[in-house]
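1. Curious how this folds, go ahead:
(one chain, ligands or ions: 2)
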Amino acid sequence: MSELVLKIADLSKTYILGKRDVRCLCDLNLEIRRGEFVAIMGPSGSGKTTLLNIIGCIDKPTKGKVLIDGIDTASLSESRLHKIRRDKIGFVFQSFNLFPYLNARENVELAMELSGKYKGQRKQRAKDSLSTVGLLGREEHRPNRLSQGEQQRVAIARALANDPAIILADEPTGNLDAKNKQEIVKLLANLNLTKKTTTIMVTHDEQVGASAERILFLDNGKIQNKQTKGRKLLAQE
Ligand SMILES: Nc1ncnc2c1ncn2[C@@H]1O[C@H](COP(=O)(O)OP(=O)(O)OP(=O)(O)O)[C@@H](O)[C@H]1O
Ligand SMILES: [Mg+2]
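-> Numbering: from 1, shown residues only. Ligands and ions are numbered 1, 2, ... in the order given. Okay, here's the model as predicted:
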């Protein structure tokens with residue numbers, strides 16, 4: 001298994017809006033090793049979500065290579081991309097994106113069902129995954145019976161369910177109050193330390209970004225040279 005879980009080479013993304021080209025990412029290069037916890041920061045509109053969507057095979061680059069676990073995704077068909085999205089990537093969104101009519105366990109199980117993985121053990125795996133994120137005893141609660149922070153924990157348990165190569169989190173603390181923000185960042189940092197889950201997190205929040213191992217700044221379509229050492233866990237209250 002290659003040590004590099006993600007390699008991006010000369011990636012460009014230009015959106016075409018009517019007759020106008022909107023250059024978003026421009027000859028961007030990036031390498032992420034297995035087990036790293038990386039934060040991506042940068043001004044609004046700098047292309048952070050676009051980059052995450054391309055890594056997550058939700059969007060395609062205009063040019064360049066994106067290798068996930070050694071597979072070049074830029075040239076794959078939609079059905080192969082669908083499989084990579086399902087099997088290699090765990091998504092965590094700002095707005096949780098849980099199914100409101102399914103309880104916490106069912107939300108996690110659904111991810112395994114869609115991937116066809118772990119038949120016969122899904123219920124137990126979902127419970128274990130929820131226990132890992134600190135939600136023991138909350139398995140049967142629907143999202144509207146859970147706090148915002150607990151809902152994000154369910155989303156993280158769901159992202160972990162298929163044992164993905166990479167967790168992609170776009171502003172995972174953006175909708176949370178200060179206490180929940182701390183808890184979710186600590187959870188992501190601890191999962192990375194204990195389970196060695198490769199995590200790429202986009203955030204506007206400097207404190208949140210500082211909990212990662214490496215902080216990358218995206219600006220003018222590129223990762224800027226300024227790369228800061230992180231791993232400052234949020235201060236205890
Ligand atoms: N589907 C699209 N069509 C056209 N332009 C787009 C599209 N999606 C994004 N853009 C443009 O690309 C640029 C980068 O957008 P993106 O959402 O990736 O930025 P961001 O860094 O995530 O911003 P924010 O911090 O506000 O979330 C912006 O100028 C945006 O307007
Ligand atoms: Mg964004």
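2. Only the buried residues of stretch 128-139, if you could.
-> 129-130, 132-135, 138-139 (16 or more other CB atoms under 10 Å). From N, CA and C alone the C-beta is placed, and that goes for glycine too.
3. Repeat that for stretch 83-90.
-> 84-86, 88-90.
4. One more: stretch 203-211?
-> Under the neighbour-count criterion of 16+ other CB under 10 Å, stretch 203-211 has 203, 205, 207-211 buried.
5. and which of the buried residues of stretch 83-90 is nearest ligand 2?
-> residue 89 (16.9 Å; CB to the ion).
6. Contact partners for that closest one?
-> 55-57, 68, 164-168 (CB atoms under 8 Å, 6 or more residues apart in numbering).
7. Please name the bridge partners of it.
-> residue 166 (DSSP bridges).
8. how close does it sit to ligand 1?
-> The gap separating residue 89 from ligand 1 is 17 Å, by CB to the nearest ligand atom, to the nearest Å.
9. what does residue 113 give?
-> Look at residue 113 and ligand 1: by CB to the nearest ligand atom, they are 30 Å apart.
10. Could you confirm that residue falls within a helix?
-> Yes. Remark: residue 113 belongs to a helix, assigned using DSSP: H, G, I helix; E, B strand; the rest coil.
11. is it true that it touches residue 123?
-> No. The criterion here is CB atoms under 8 Å, and residue 113 misses it with residue 123 at 10.8 Å.
12. what does the top helix by length along the chain contact?
-> Counting by DSSP state H, the longest helix found in the chain is helix 178-195. Here helix 178-195 makes contact (CB under 8 Å, 6+ apart) with 35, 37, 132-134, 147-149, 152-153, 156, 160, 167, 169, 172-173, 176, 197-199, 201, 205, 207-208, 211-213, 231, 233-234, 237.
13. Let's see that with 7 Å instead.
-> 37, 133, 148-149, 152-153, 156, 169, 172-173, 176, 197, 199, 201, 208, 211, 233-234 (CB atoms under 7 Å, 6 or more residues apart in numbering).
14. Give me the subset of these lying in helices.
-> Going by DSSP H, the helices hold 148-149, 152-153, 156, 208 from the contacts of helix 178-195.
15. Could you check the angle the strand or helix carrying residue 39 makes with helix 178-195?
-> Element membership for residue 39 (DSSP states H and E) is strand 37-41. Orientation check (axes from the mean of the first three to the mean of the last three CA atoms, to 10 degrees): strand 37-41 against helix 178-195 gives 140 degrees.
16. Now do the strands in the chain.
-> Using DSSP state E, the strands of the chain run over residues 4-17, 20-33, 37-41, 63-68, 71-72, 89-92, 166-170, 199-202, 214-219, 222-223, 228-229.
17. Buried residues, stretch 208-226. List them.
-> Under the neighbour-count criterion of 16+ other CB under 10 Å, stretch 208-226 has 208-218, 221-223 buried.
18. Contacts only, for residue 66.
-> 8, 11, 54-55, 72-74.
19. give me the subset of those touching ligand 2.
-> Counting by CB under 5 Å from the ion, nothing from the contacts of residue 66 sits close to ligand 2.
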